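Peer 1: Sequence and predicted structure, then a few things I'm wondering about:
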Amino acid sequence: MWLYGCLSEDTEILTLNGWERYHKAIEESPVICYNMDKDSFEIHQPERSFIYENKHPAYRIKSDFTDQIVSRNHRCIVERGGRKVFAYAETLERQESVPFLESLHDLPETIPYPHEGTSITKQDLLQRVRLQEYQQKQEGESNPSGAMRGEGVDNLPCMWGYGKTRTTLATVEEVEYVGNMWCVQVPTGAFVARRNGQIFITGNSGFPKSLNIGLAIDKKLGLKSKIIGKGKSGNANTHTRSLNMVKNPFGGEYEIKQAQNQWQGWGTALKPAYEPIIVARKPFKGTVADNVIKYGVGGINIDGCRIPLENGETIATNVGFLDNLQSDGWGTKKCITEKTSQGRFPANVIHDGSDEVESLFPHTKSGKMTSEHQRHTDGSPNGIYGKFNKEHPLSETYGDSGSASRFFYCAKANKKDRDEGLEIAASTINDGRKKSIDNPYQRGETLRKNIHPTVKPCELMQYLVRLVTPKGGIILDPFMGSGSTGKACMFENRERQADYKFIGIDLEEEYCNIARDRIDYALNKYKYDYQQELEKAKEKGQLSLF
């Protein structure tokens, strides 16, 4: 996984000291942050900083009011549907509405500093920026980025504050960028930055990091954390900070530290380990029945997506009701319980069946009573939940046992699934590193035909398509990637006579070609499989049996 999302080296961030680029002590400078939830500005100490050498494509976000260069996985702020949201740089559209400040006078009159229980006025901050610029002139230093929009603070024509961010329609394009990229992490997730004299609001590095609370407390109290060892980063051009490791600015050897307080080992974030799937339905007028009759969509295919039972297993189901009313307790009618082999009701959790996931589920037993057990009535003919049916034995119940994972659909990933139908040569991706690494975005070691970084299992996509699409429906995938959805539709047509029509769209021609071959494979699966089996048999010198 691509871990870092950062800004070009010539980007400055706004701190209480003025505009600052990356330096080793940048974490000592309180940063002017943006709180997207409150649409307000705050001052916070950086939790950590990042810098690394970049040799990958980056993204330039540019308009008359902003000019940003960000790396992949950087969390940019864009305005969509009238509200600001975070979006990873690689997912941005060609044009996006992005927030900016025309000058620092757009900041509110007072900016709170929650950690110190105080605040700073805008005029005080402007004075600090003016002082910084004066000192730079005295020292003969140049300011490549200029002041706000290329002018000094004193020369700004506008002396009143807008108090909020503005938005500009910016063009997003992929660019080649070789050089250092850097970023800070702040509690609000966003901060004020500047490049080429233009001020904008941007987010943290994209991958969630966990702050070592123990080391942070040591630092706050002025204590020197204990050094318990040294390590090497493996790449002298990579810089990061993990839970218990603090690396030097450009990688190489780093110190492993231990906090001198009770909070050693405590952090602020867990490793992201789930992938949300959103199933949404457009709001409609009238009832669900009206919508289904008119448009043929709007429901969930419960029976078509039931969780299969194993080894002739049966489970209890409520299949009918008696006409006679029960007592005044819970419910009004007697439910008849019988066995079914139809499958379990689909849940809103799907797992991949891996050993790691299976081990998390407990072994459970449910529902079954032996002939020696009787349901208690406490001497009352009406029992607990109403009057028992006299024809129904009190000891007869249905149950099962096993891993609790049996209650959830399992879509197992298949390594063969990625490359089925692709006749192209397998390859790696050279990202320019001297030492290759192997992850979804920089596959420097493993040979693959399907080079898409996030291939979804075909079995999973079959399930999701079947869940919401009636037979004969049209499936549109506007971000098709390597065509897993289209491949799933073809398998559904073959296995369940679904008669689906598929439309796929993708920006990258290379992915479209891969998707075309994978979908064609699924459409003609048996033909391809038969040809491949014949070729394998010939290679082994086997003769046909027919």
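Peer 2: Arrived safely.
Peer 1: okay, CA-based contacts and neighbour counts for the rest of this
Peer 2: Will do.
Peer 1: What are the phi and psi values at Ser484?
Peer 2: phi -60, psi -40 (degrees, to the nearest 10).
Peer 1: gap between Ile514 and Leu507?
Peer 2: From Ile514 over to Leu507 the distance is 13 Å, taken as C-alpha to C-alpha, to the nearest Å.
Peer 1: Gly402 and Glu310 touch, don't they?
Peer 2: No. Checked against C-alpha atoms under 8 Å, the pair Gly402 and Glu310 is beyond contact range at 10.9 Å.
Peer 1: quick one: Glu535 is in a helix?
Peer 2: Yes. Glu535: assigned to a helix according to DSSP: H, G, I helix; E, B strand; the rest coil.
Peer 1: What is the neighbour count of it?
Peer 2: The number of residues packed near Glu535 is 13, by other C-alpha atoms under 10 Å.
Peer 1: Quickly note the distance from it to Ile277.
Peer 2: From Glu535 across to Ile277, the span is 40 Å (C-alpha to C-alpha).
Peer 1: same thing with Val98?
Peer 2: In this structure, Val98 and Ile277 are 27 Å apart, going by C-alpha to C-alpha.
Peer 1: cool, Gln342 as well?
Peer 2: Applying C-alpha to C-alpha, the value for Gln342 to Ile277 is 25 Å.
Peer 1: More neighbours: which of those two?
Peer 2: Each of Gln342 and Ile277 has its neighbours counted (other C-alpha under 10 Å); Gln342 has more, 16 against 10.
Peer 1: Tell me the spacing between the more buried one and Ile475.
Peer 2: For Gln342, the distance to Ile475 under the criterion C-alpha to C-alpha works out to 27 Å.
Peer 1: ok, now Tyr511?
Peer 2: 18 Å.
Peer 1: Map the structural domains onto the sequence of the chain.
Peer 2: As recorded under automatic domain parsing, the domains making up the chain are 7-203, 213-258, 303-410, 415-539.
Peer 1: if we can go back for a sec, so for Ile514 and Leu507, which residue has more residues nearby?
Peer 2: For Ile514 versus Leu507, the count of surrounding residues by other C-alpha under 10 Å is larger for Ile514: 23 against 11.
Peer 1: I figured that one was touching Val455, is that so?
Peer 2: No. In this structure Ile514 lies outside contact range of Val455 using C-alpha under 8 Å: 11.4 Å.
Peer 1: what touches both of the two?
Peer 2: The overlap between the contact sets of Ile514 and Val455 (C-alpha atoms under 8 Å, 6 or more residues apart in numbering) consists of Ser482.
Peer 1: Can you check the distance spanned by stretch 41-48, start to finish?
Peer 2: Taking C-alpha to C-alpha, the first and last residues of stretch 41-48 lie 19 Å apart.
Peer 1: show me where the stretch 351-500 of the chain has strands.
Peer 2: With DSSP state E, counting those that start in this stretch as the definition, the stretch 351-500 of the chain shows strands at residue ranges 363-366, 400-403, 409-410, 474-477.
Peer 1: how near is Phe479 to Gly486?
Peer 2: Separation of Phe479 from Gly486 (C-alpha to C-alpha): 11 Å.
Peer 1: my bad, should have said Ser401
Peer 2: 37 Å.
Peer 1: So the two - more neighbours on which side?
Peer 2: Set side by side, Ser401 and Gly486 give different neighbour counts by other C-alpha under 10 Å, the larger being at Gly486 (30 against 12).
Peer 1: just checking, the more buried one touches Tyr500?
Peer 2: No. In this structure Gly486 lies outside contact range of Tyr500 using C-alpha under 8 Å: 9.5 Å.
Peer 1: if I look at these two, which residues touch both of them?
Peer 2: Residues touching both Gly486 and Tyr500 (C-alpha under 8 Å, 6+ apart): none.
Peer 1: Can you pull the residues that touch both of Phe479 and Gly486?
Peer 2: Taking C-alpha under 8 Å, 6+ apart as the contact rule, Phe479 and Gly486 both touch Gly504.
Peer 1: Can you give me the neighbour number for Glu27?
Peer 2: Other residues within reach of Glu27 by the criterion other C-alpha under 10 Å amount to 17.
Peer 1: How about the secondary structure of it?
Peer 2: Reduced to three states with three-state DSSP, the structure at Glu27 is helix.
Peer 1: Chain neighbours aside, what residue packs nearest to it?
Peer 2: Excluding its sequence neighbours, the residue lying closest to Glu27 (C-alpha to C-alpha, 6 or more residues apart in numbering) is Pro46, at 5.3 Å.
Peer 1: wait, isn't the one you found in contact with Val186?
Peer 2: Yes. Using C-alpha under 8 Å, Pro46 is in contact with Val186, at 4.9 Å.
Peer 1: who has more neighbours, those two?
Peer 2: Comparing Pro46 with Val186 by other C-alpha under 10 Å, the one with more neighbours is Val186, at 24 against 20.
Peer 1: ok, so what distance separates that one from Tyr34?
Peer 2: Distance check for Val186 against Tyr34: by C-alpha to C-alpha, it reads 9 Å.
Peer 1: do the same with Gly504
Peer 2: With distances defined as C-alpha to C-alpha, the gap from Gly504 to Tyr34 amounts to 38 Å.
Peer 1: quick one: which of those two has more around it?
Peer 2: Counting neighbours by other C-alpha under 10 Å for Gly504 and for Tyr34 shows that Tyr34 has the greater number, 24 against 18.
Peer 1: check which helix or strand covers that one.
Peer 2: If you go by DSSP states H and E, Tyr34 is part of strand 31-35.
Peer 1: Kindly report the same for Ile43.
Peer 2: For Ile43, the element it lies in under DSSP H and E is strand 40-44.
Peer 1: now swap in Pro187 and tell me
Peer 2: For Pro187, no secondary-structure element claims it when assigned by DSSP H and E, so it is in no helix or strand.
Peer 1: wait, isn't it in contact with Ile43?
Peer 2: No. Contact between Pro187 and Ile43 fails when scored by C-alpha under 8 Å: they sit 9.7 Å apart.
Peer 1: between these two, who's got more neighbours?
Peer 2: The residue with more neighbours, out of Pro187 and Ile43 and counting by other C-alpha under 10 Å, is Ile43; that gives 26 against 16.
Peer 1: Can you name the residues bridging to the more buried one?
Peer 2: According to DSSP bridges, Ile32 are recorded as the beta-bridge partners of Ile43.
Peer 1: counting contacts, what elements does the helix ranked longest in the chain pack onto?
Peer 2: As assigned by DSSP state H, the longest helix anywhere in the chain is helix 122-138. In this structure, helix 122-138 packs against strand 18-20, with contacts taken as 3 or more C-alpha pairs under 8 Å, 6 or more residues apart in numbering; DSSP states H and E.
Peer 1: Could you give me the buried positions within the strand it packs on?
Peer 2: For strand 18-20, the buried set under the neighbour-count rule, 16 or more other C-alpha atoms under 10 Å, comprises 18-20.
Peer 1: Run a quick neighbour tally on Glu93.
Peer 2: Look at Glu93: counted by other C-alpha under 10 Å, it has 13 neighbours.
Peer 1: and it, which of the three is it?
Peer 2: Assigned with three-state DSSP, Glu93 falls in the coil class.
Peer 1: what does Tyr521 give?
Peer 2: Using three-state DSSP as the criterion, the local structure at Tyr521 reads helix.
Peer 1: Only the buried residues of stretch 114-124, if you could.
Peer 2: For stretch 114-124, a neighbour-count test (16+ other C-alpha under 10 Å) marks Lys122 as buried.
Peer 1: residue ranges for the helices of the stretch 101-250 of the chain, please.
Peer 2: Under the criterion DSSP state H, counting those that start in this stretch, the stretch 101-250 of the chain carries helices at the ranges 122-138, 213-220.
Peer 1: Please identify the deepest-packed of the ones you listed.
Peer 2: For the helices of the stretch 101-250 of the chain, the stretch with the most neighbours on average is helix 213-220, a mean of 18; neighbours defined as mean count of other C-alpha atoms under 10 Å.
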